[in-house]
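Engineer: A structural model of the following input is requested.
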Amino acid sequence: MLKSQLCCCCCSDKKCLDANSESPADSKLTSVQFHPSAQILMTSSLDHSISLFQVDGKTNAKIQTIHLEKFPVNKAAFSADGEQIVAAGWRNKLFYIYDMVEGRVIPVFPLTSVCVCVCVSGLNEQKVSDFQVSPDGKFLLLFGSSGFLHLMSSKTREVVRSMKLNGTVCAAAFTADASKIFANSEEGEVFVWDVQSSKCVKRFEDDGCVRGTSLALSRDGSYLACGSQAGVVNIYSQRDCLLELEPKPQKAVLNLLTPATSLSFNSSAEILAIGSRHADEANRLVHLPSFTVFSNFPQFQKKTIFQTQSVDFSPRSGFYSVANNKGHALLFRLLHYHDF
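Structural biologist: This next block holds a predicted model:
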């Protein structure tokens, strides 16, 4: 039923007004994310900005823009409680936390043992450009060089432990209960760590992958998706990945012809969004558990999406947003879902 009902909202151009139409970015967007509990969408850009919008699908009023001087934002994400925004730069030795309750920007220096402001000790890294927020709000997972992943306490902002995989980290994600971390390497291997002990509990090769590019976990614990340089997206059972010696994908999605750089499951694990930043209109929605690609998305005669930089679904899947290289956060209404 979902597959037949999924379509874009009934506007003249078959999509809603861009989420950031009141304030498009001056450079390509790098992140788009819906707030975990409010009808708010956040965008980040290489133009040094983070912007917030009130999403209703009609006017999408701008709330505010935070400008970080000399800081092209490579990634931004809400904290688990939605009260803060974490922002990492492109080649910076610090990152920022914006406290939305107090309205202040807090610089965090994770690469020095000298307490200049907020200090994270014990790291020997040149930059922090990517990270993940744990669902329980306790940790930030910082992506390091040479295969290192650093687990930082959200409360003390100190690195409490580090993990290392063979190769280079390309993507990582926490399980929904925050007990484990799945990480994908550029060399095509998937590693699973226990958060409490920081021990690697599983390691396997992503089937047929020569070079990994992305990874996502569904919130219900059902699926793992791994993207590759060839554009193939393998969808696994999370359970199989933990229990079987050499897990095999339930489906290999072959609809992308360029590297799969964006992956995101909706809240009910009924849709997997896949996208590539290397080609225009390379964006598809995969229905689960049938593992079929929706034929009615995208359905435009002219270029609309352009290059997909980031994707996200609203908390109850009523909206889907795509951040592109033109500075726009495209917004689509998924009519099957009645709530935001």
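
Engineer: what stretches of the stretch 51-200 of the chain score poorly on pLDDT?
Structural biologist: Counting by pLDDT under 70, the ranges of the stretch 51-200 of the chain that qualify are 110-123.

Engineer: Just the helices from the protein, written as ranges.
Structural biologist: Under the criterion DSSP state H, the chain carries helices at the ranges 2-5, 238-243.

Engineer: among those, which gets the worst mean confidence?
Structural biologist: If you rank those by mean pLDDT, helix 2-5 sits at the bottom with a mean of 53.

Engineer: Quick check: Ala38 touching Gly82?
Structural biologist: Yes. If you go by C-beta atoms under 8 Å, Ala38 and Gly82 touch, sitting 6.7 Å apart. Bear in mind the C-beta positions are built from the backbone N, C-alpha and C, glycine included.

Engineer: quick one: common contacting residues for the two?
Structural biologist: The contact sets of Ala38 and Gly82 do not overlap (C-beta atoms under 8 Å, 6 or more residues apart in numbering).

Engineer: Return the residues in contact with the closest residue to Thr258 other than its chain neighbours.
Structural biologist: Leaving aside its sequence neighbours, Thr258 sits nearest to His278 (C-beta to C-beta, 6 or more residues apart in numbering; 3.8 Å). Neighbour list for His278: Thr258, Pro259, Thr261, Gln307 [criterion: C-beta under 8 Å, 6+ apart].

Engineer: And the pLDDT at His278?
Structural biologist: Listed pLDDT for His278 reads 98.

Engineer: What values do phi and psi take at it?
Structural biologist: phi -100, psi 0 (degrees, to the nearest 10).

Engineer: and the gap between it and Lys303?
Structural biologist: Distance of His278 to Lys303, given as C-beta to C-beta, to the nearest Å: 15 Å.

Engineer: Equivalent analysis for Val73, please.
Structural biologist: Taken as C-beta to C-beta, the span from Val73 to Lys303 is 25 Å.

Engineer: Now do the strands in the stretch 151-300 of the chain.
Structural biologist: 159-164, 169-174, 180-185, 189-194, 200-205, 212-217, 223-228, 233-237, 251-253, 262-265, 271-275, 283-287, 292-293 (DSSP state E, counting those that start in this stretch).
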